[in-house]
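Undergrad: What follows is a predicted protein model with its sequence.
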Amino acid sequence: MKLDKSSFTLLETIISTLILSIIIVGFSNSFFYDNLDEEYILLNKLENNFTTSSYSSDFAKQNKNLTLKINETQTKTITVKEIEYKDNKIRLKKYEM
């Protein structure tokens, strides 16, 4: 009578666990996740600056005149302040009256 062994040996279990832990550590320390954290922090900071209207030197500010047409006959000109943040990946604009 021949017995077939179908279970893992201790050595195979250790090797499988080692390979799996290397893969998990590799994904958790990858550049992709770190980059997302930095972009999230930057976007959160920009949102706070736009909300509180506390603009640093990173923001470009200028006044612009807009001409509005009312009923195809009347025109009205208003002055708005344009606040812009421009980066390599992000470009945001806000208009204030």
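TA: Nice, thanks for sending it over.

Undergrad: Can you give the contact residues for stretch 78-88?
TA: With contact meaning CB atoms under 8 Å, 6 or more residues apart in numbering, stretch 78-88 is reached by 42, 46, 50, 55, 58-66, 68, 91-97. Placement of C-beta: from N, CA and C, glycine included.

Undergrad: Please repeat the previous calculation with a cut-off of 10 Å.
TA: For stretch 78-88, contacts defined as CB atoms under 10 Å, 6 or more residues apart in numbering pick out 39, 42, 46, 49-50, 53, 55-56, 58-68, 91-97.

Undergrad: Out of these, name the ones that lie in helices.
TA: Residues of the contacts of stretch 78-88 located in helices (DSSP state H): 39, 42, 46, 49, 50.

Undergrad: Mind checking which of the residues you listed are buried?
TA: 46, 49, 50 (16 or more other CB atoms under 10 Å).

Undergrad: Can I get the residues you listed in TSV including distance to residue 24 and pLDDT?
TA: Formatted as TSV, those follow (distance: CB to CB, whole Å; pLDDT from 0 to 100):
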residue	distance to residue 24	pLDDT
46	33	84
49	37	81
50	38	79
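
Undergrad: Just put the residues you listed in TSV and tack on distance to residue 19.
TA: Below are those laid out as TSV (distance: CB to CB, whole Å):
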residue	distance to residue 19
46	42
49	46
50	47
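
Undergrad: Enumerate the sheet neighbours of the helix or strand encompassing residue 78, specifying parallel or antiparallel for every one.
TA: Element membership of residue 78, judged by DSSP states H and E, is strand 74-86. Pairing partners of strand 74-86, with direction, according to DSSP bridges: strand 59-70 (antiparallel), strand 91-96 (antiparallel).
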